[in-house]
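S.K.: One predicted model, sequence on top.
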2 protein chains.
Amino acid sequence: MSRVLSGNGYAAAAVRERVLAAVRRIGYVPDANARTLRNRSSRSIGVLISDLRDPFYADLAAGVEQELRTAGYHMVLVNDNGQAHEEMRAVTEFLAMRVPGVILTPVSARAVKTLHQQGIRVVQADRRVSRRYGDAVLGANEAGAEMVTRHLLDLGHRRIGLVIDETRWTSGAGRLAGYHAAHQAAGVPADERLIARNAGFDPEAAGKATGRLLDEHPDLTAVFAANNVLAQGALQEIQRRGVAVPRQLSLAAYDDVPWMSMVRPSITTVSQHSVELGRRSARVLLDRLAEGDPDRGTTVLNLEPELVVRSSTAPPTRNPR
Amino acid sequence: MSRVLSGNGYAAAAVRERVLAAVRRIGYVPDANARTLRNRSSRSIGVLISDLRDPFYADLAAGVEQELRTAGYHMVLVNDNGQAHEEMRAVTEFLAMRVPGVILTPVSARAVKTLHQQGIRVVQADRRVSRRYGDAVLGANEAGAEMVTRHLLDLGHRRIGLVIDETRWTSGAGRLAGYHAAHQAAGVPADERLIARNAGFDPEAAGKATGRLLDEHPDLTAVFAANNVLAQGALQEIQRRGVAVPRQLSLAAYDDVPWMSMVRPSITTVSQHSVELGRRSARVLLDRLAEGDPDRGTTVLNLEPELVVRSSTAPPTRNPR
DNA sequence: ATTCCGTATGGGATCGTTACCACAAGCTAG
DNA sequence: CTAGCTTGTGGTAACGATCCCATACGGAAT
């Protein structure tokens, strides 16, 4: 009987033994769907990310999975490729599955709102599109970008290019703000023309954008690529042109992914501790689920990033490119 | 009513319209658990891999997810970290969820057998531990390893070190066999002492193993690292020692991951087309689910790998290390 | 006008689990 | 000795969707 297995209710020791033996013998495993139907609560958590092939998201998902597994939950993982309609599709699936919670790197506020309104706990990870609904676990993007920009300014750079894909999400907006803040603090005017916005979402596009920036501004002495994909494109373009790093040009990145410590020179970057970001997101969600209380404020965590200084940044030299 | 939504059964156009309108208005989404319970078939597929942070597995999972999503299924992803007990835990979860199928990079034959005996379709991806149960989608490891070893032999190398972690799974065994086969075909005796077995599952251990190999065999002119993690460790150790690649030592790898084309020199390797491996695994599973027939033989796919020749391999030179 | 057929619709029964209730048995206290 | 309580056990309803069957209704044919 159910009482033996769940531990609730009474069951004589003898009966309990007999039941357990039978269970083991025939390999009986209770039906999770029936359980969910009856209990109105599932052990599945929806996880929605942009791109599993990007090590940043893969690490995030790995952190989430680890924490969930430890707590006896499991992860239903969906890739939305940054597309709002795929995101909504997944949201509908999660609703159908009656998951108690969802962790997502959100694309549209509508997705977050829909989930919240159906009573599902939501954690926005890495970026935040909805201030009204759901908790959030974010990297401190402004602080991180300010750190790395200050590092470049401290080295003596005055003309620092910024390669960035989008600035509407909190992640991009924060990094842009940090870039500006560091300039302001150092009393160096930030030149808007040195900012390559909408640099694209793949290395090729980022490479082209970087190339354009280098062509139009021969006085650039450093480039800051605002994520790992952009950094990959930037580095490839820089290598293609035979520009010496860091002698002719310093390069700094955001997100610490394996190749950055493999290449020579190794790349100075900001580590977001992406696995930890995932773990904390799961933790926040699990805590939410543990408290029965429906609406007790909003949790927003900002994880401090870490500046990892390597060999791709150095004081500027007078050598023209 | 259910008839309107599922499309089965009759429903007057007027009634259908009214029902659909109400559905949209209140945001009703049918309960997947109730459906699974009643229909005895779920749209969840269990996916069990070793390490999401390893780009090979991440790509595999991404391929699986893409294909499943397209077919209207979703992926419950579990990391087993190569541990048999975690694998069995996940198997039990999948049984509880009544998933119709599981795709896994298997660790123990018991996991595969248990699933199969409970009537769950199984696809073994990347490696095969059970010949009796379940389909398999594999890389042609022997062919791939033979290709890259032949490439080194053709360049003139006669003393080629092999760094490999395990040789019990089909993946490792196949690569070892390919290494031998290429030697045999070229009439070059393979020296067993040049094979560093059990080189470990992280870059540090692989680096140490590579170091030992280099120390004990100063006549080595090439090293073949049998997967991407081993290659990372090997490269780091080689760089640490200041050994010039490919002038003093050629390096070849297995699995094409991003850093291999980023580093200088870029690394010659064998691409397994890991995303495609995942896609095909899902395809095989979906086909299996489509045919009602329970036991119609066993599908085993061997995907042809591709030798990607880059700059880390060159003819040996006389320069001693 | 009555029968018959085809189409449309409502009403269970069912899937596996669990929460709850009724009841039985044993025990203590008045 | 019996009333009232504790402790253990079996039975049953309910979760939500779906399948099947019974039934009702309209129209056509005899």
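M.R.: In hand now; what should we look at?
S.K.: in the strand or helix carrying A:Ala234, what counts as buried?
M.R.: A:Ala234 belongs to helix A:228-240 when assigned by DSSP states H and E. Of all the residues in helix A:228-240, those buried under the rule 16 or more other C-beta atoms under 10 Å in any protein chain shown are A:Asn228, A:Val229, A:Leu230, A:Ala231, A:Gln232, A:Gly233, A:Ala234, A:Leu235, A:Gln236, A:Glu237, A:Ile238. C-betas here are computed from N, CA, C, even on glycine.
S.K.: Quickly name whichever of those residues is closest to DNA strand D.
M.R.: Ranked by distance to DNA strand D (C-beta to the nearest atom of the strand), these are led by A:Val229 at 40.4 Å.
S.K.: Tell me the spacing between the closest one and A:Arg53.
M.R.: Separation of A:Val229 from A:Arg53 (C-beta to C-beta, to the nearest Å): 10 Å.
S.K.: rewinding a little: so which other helices or strands are in contact with the helix holding A:Ala234?
M.R.: strand A:160-163, helix A:203-216, strand A:222-225, strand A:250-254, helix A:259-262, helix B:259-262 (3 or more C-beta pairs under 8 Å, 6 or more residues apart in numbering or on different chains; DSSP states H and E).
S.K.: For the residue nearest the centre of chain A, give me phi and psi.
M.R.: Against the mean C-alpha coordinate of chain A, by C-alpha atoms, centre = their mean, the closest residue is A:Asp126 at 3.9 Å. As for A:Asp126, its main-chain torsions (degrees, to the nearest 10) stand at phi 70, psi -40.
S.K.: pLDDT wise, what is the closest residue to it other than its chain neighbours at?
M.R.: In space, and not counting its chain neighbours, A:Asp126 is closest to A:Thr105: 4.8 Å by C-beta to C-beta, 6 or more residues apart in numbering or on different chains. pLDDT, A:Thr105: 98.
S.K.: residue contacts, A:Thr105?
M.R.: Residues near A:Thr105 by C-beta atoms under 8 Å, 6 or more residues apart in numbering or on different chains: A:Leu48, A:Ile49, A:Ser50, A:Tyr57, A:Leu60, A:Gln124, A:Ala125, A:Asp126, A:Arg127.
S.K.: Out of these, grab the one that's most surrounded.
M.R.: A:Ala125 (31 neighbours; other C-beta atoms under 10 Å in any protein chain shown).
S.K.: distance of that one from A:Asp54?
M.R.: For A:Ala125 relative to A:Asp54 (C-beta to C-beta), the value is 14 Å.
S.K.: how close does A:Arg40 sit to chain B?
M.R.: 10 Å (C-beta to the nearest C-beta, to the nearest Å).
S.K.: Please name the residues that touch the nearest residue to that residue once chain neighbours are set aside.
M.R.: Nearest non-adjacent residue to A:Arg40, counting by C-beta to C-beta, 6+ apart: A:Arg98, 7.2 Å away. By C-beta under 8 Å, 6+ apart, A:Arg98 lies in contact with A:Thr36, A:Arg40, A:Ser41, A:Ser42, B:Asp31, B:Ala32, B:Asn33.
S.K.: Adding distance to B:Ser250 as columns, could you present those residues in JSON lines?
M.R.: Shown next, in JSON lines, are the contacts of A:Arg98 (distance: C-beta to C-beta, whole Å):
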{"residue": "A:Thr36", "distance to B:Ser250": "56"}
{"residue": "A:Arg40", "distance to B:Ser250": "62"}
{"residue": "A:Ser41", "distance to B:Ser250": "57"}
{"residue": "A:Ser42", "distance to B:Ser250": "53"}
{"residue": "B:Asp31", "distance to B:Ser250": "59"}
{"residue": "B:Ala32", "distance to B:Ser250": "54"}
{"residue": "B:Asn33", "distance to B:Ser250": "56"}
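S.K.: out of those, who's nearest B:Leu277?
M.R.: Taking C-beta to C-beta as the measure, B:Leu277 lies nearest B:Ala32 of the contacts of A:Arg98, at 28.6 Å.
S.K.: ok, the closest one - how many residues close by?
M.R.: 24.
S.K.: same question, A:Pro100
M.R.: 22.
S.K.: Next one: the residue in the stretch 201-321 of chain A that DNA strand C sits nearest to from A:Ser41, what distance?
M.R.: Nearest residue of the stretch 201-321 of chain A to DNA strand C, counting by C-beta to the nearest atom of the strand: A:Gly292, 14.5 Å away. Using C-beta to C-beta, A:Gly292 is found at 11 Å from A:Ser41.
S.K.: so A:Tyr254 sits right up against A:Arg175, yeah?
M.R.: Yes. Under the criterion of C-beta atoms under 8 Å, A:Tyr254 makes contact with A:Arg175 at 6.4 Å.
S.K.: Okay, and which of the contacts of A:Thr105 map to strands?
M.R.: Judged by DSSP state E, strands contain the following of the contacts of A:Thr105: A:Leu48, A:Ile49, A:Gln124, A:Ala125, A:Asp126.
S.K.: export those residues to JSON lines and tack on distance to B:Thr92?
M.R.: Converted to JSON lines, these look like this (distance: C-beta to C-beta, whole Å):
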{"residue": "A:Leu48", "distance to B:Thr92": "26"}
{"residue": "A:Ile49", "distance to B:Thr92": "26"}
{"residue": "A:Gln124", "distance to B:Thr92": "32"}
{"residue": "A:Ala125", "distance to B:Thr92": "28"}
{"residue": "A:Asp126", "distance to B:Thr92": "32"}
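S.K.: Looking at those residues, which is nearest DNA strand D?
M.R.: Closest to DNA strand D out of the ones in strands among the contacts of A:Thr105 is A:Leu48 (22.0 Å), distances taken as C-beta to the nearest atom of the strand.
S.K.: For the closest one, list the residues it contacts.
M.R.: Contacts of A:Leu48 by C-beta under 8 Å, 6+ apart are A:Val78, A:Asp80, A:Glu87, A:Ala90, A:Val91, A:Phe94, A:Val102, A:Ile103, A:Leu104, A:Thr105, A:Pro106, A:Ala111.
S.K.: give me that answer again for 7 Å
M.R.: Going by C-beta atoms under 7 Å, 6 or more residues apart in numbering or on different chains, A:Leu48 touches A:Val78, A:Asp80, A:Glu87, A:Ala90, A:Val102, A:Leu104.
S.K.: Quick check: which ranges of chain A have low pLDDT?
M.R.: A:1-16, A:19, A:293-295, A:319-321 (pLDDT under 70).
S.K.: can you give me the helices for it?
M.R.: A:2-6, A:13-26, A:32-39, A:55-70, A:84-97, A:109-117, A:141-155, A:170-186, A:203-216, A:228-240, A:259-262, A:274-290 (DSSP state H).
S.K.: Now do the domain split for chain A, please.
M.R.: Domain segmentation of chain A under automatic domain parsing yields A:1-30, A:40-139+A:275-305, A:141-271.
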